[in-house]
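Participant: prediction below, plus the sequence it came from.
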Amino acid sequence: MNDILLGLIDKLALPLGEDATRRALRDFTGNAGFDYYAYVHLCGKESFAVSNYPREWQNRYVEDGYLQIDPVVTKAKHGPPIFTWSAKEAKCMGRREVSRMFSAAEDFGIRSGLSISVPVGFRNRMIFTLATSSADPYVRDDIDPVTAAVSVAFVHARLSNANQDVSLATDIRLSPREAECLRWFAEGMTMPDIALNVGVSYRSVRSYLDEATRKLGAANNRQAASTAIRLGLI
């Protein structure tokens, strides 16, 4: 796998256009033993995805809000930099909405995969995923994390100015105070402590958190914080 990643780096180091870049990624995906590739850049309202997934699945993923519940995205933001995943594992989580998402994905031949996650700054992240119709992904050998991160950086460099397949941007807009209070809440800080840290009253903190929760369509502040993190808003 490392040799294949190095080959991808060498290819993407050339001044390729968008079509040539996509061909290089398709070739790399096939050589690695997978069916699909997907690059996701989580960057708040500028988030986008480029992939060779079936168009119908790409549109459904966005329209049904799967970004907010996708355990692969969650693990990519908080877990190891390189990991495998499968529909079988996801369905064992016991979350009905996740099971529905992966059942829908399986209809398009997406059953398992390998993801590489690279943090960029405080909250942004680059995620490169390879997916297959096999029940379990097959990875030939251990992947060097540095090689993997460099390859994702090259993918980003080639695709960041492309016409993105799918915009993952959200119309949700949090005010600076709402985002700040929600970020501290997500870190585990109590509302009185947030008030002291931000320099506003307890009542104001509660108002900011309640308004952020309303905008995000969440059931409570904790769910709002989780959703905001997934969307790259905090």
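Facilitator: Yes, it's here.

Participant: what's the following helix or strand after the helix or strand bottoming out on mean pLDDT in the chain?
Facilitator: None of the helices or strands of the chain scores lower by mean pLDDT, DSSP states H and E than strand 166-167, at a mean of 66. Next in sequence after strand 166-167, counting helices and strands by DSSP states H and E, comes helix 176-186.

Participant: next, count neighbours for the nearest residue to Cys43 once chain neighbours are set aside.
Facilitator: Nearest-residue entry for Cys43: Asn124, 4.6 Å, with adjacent residues in sequence omitted and distances by Cβ to Cβ, 6 or more residues apart in numbering. No exception for glycine: its C-beta is placed from N, CA and C like everyone else's. Using other Cβ atoms under 10 Å, Asn124 has 15 neighbouring residues.

Participant: and the gap between the residue nearest to the spatial centre of the chain and Trp85?
Facilitator: With distances taken as Cα atoms, centre = their mean, Val73 lies nearest the centre of the chain, 3.9 Å away. Counting by Cβ to Cβ, to the nearest Å, the gap from Val73 to Trp85 is 10 Å.

Participant: which residues of the chain fall in strands?
Facilitator: Per DSSP state E, the chain has strands spanning 36-42, 48-51, 82-86, 112-120, 124-132, 166-167. These are given in chain order.

Participant: quick one, domains of this structure?
Facilitator: Split into domains by automatic domain parsing, the chain comes to 2-167, 176-230.

Participant: and the last one, what's its mean pLDDT?
Facilitator: This points to domain 176-230. When pLDDT is averaged along domain 176-230, the result is 90.

Participant: using PDB, list the CA coordinates for stretch 52-61.
Facilitator: Listed next in PDB are the C-alpha coordinates belonging to stretch 52-61 (Å, rounded to 0.1, in the frame of the first residue of the first chain):
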ATOM      1  CA  ASN A  52     -16.400   8.900  -8.000                       C
ATOM      2  CA  TYR A  53     -19.300   7.600  -5.900                       C
ATOM      3  CA  PRO A  54     -22.600   7.200  -7.900                       C
ATOM      4  CA  ARG A  55     -24.100  10.600  -8.400                       C
ATOM      5  CA  GLU A  56     -27.400   9.500  -6.800                       C
ATOM      6  CA  TRP A  57     -25.600   8.500  -3.600                       C
ATOM      7  CA  GLN A  58     -23.700  11.800  -3.500                       C
ATOM      8  CA  ASN A  59     -26.900  13.700  -3.700                       C
ATOM      9  CA  ARG A  60     -28.700  11.500  -1.200                       C
ATOM     10  CA  TYR A  61     -25.800  11.800   1.300                       C
END
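
Participant: now that stretch: buried residues?
Facilitator: Along stretch 52-61, these residues count as buried under the neighbour rule (16 or more other Cβ atoms under 10 Å): Asn52, Tyr53, Trp57, Gln58, Arg60, Tyr61.
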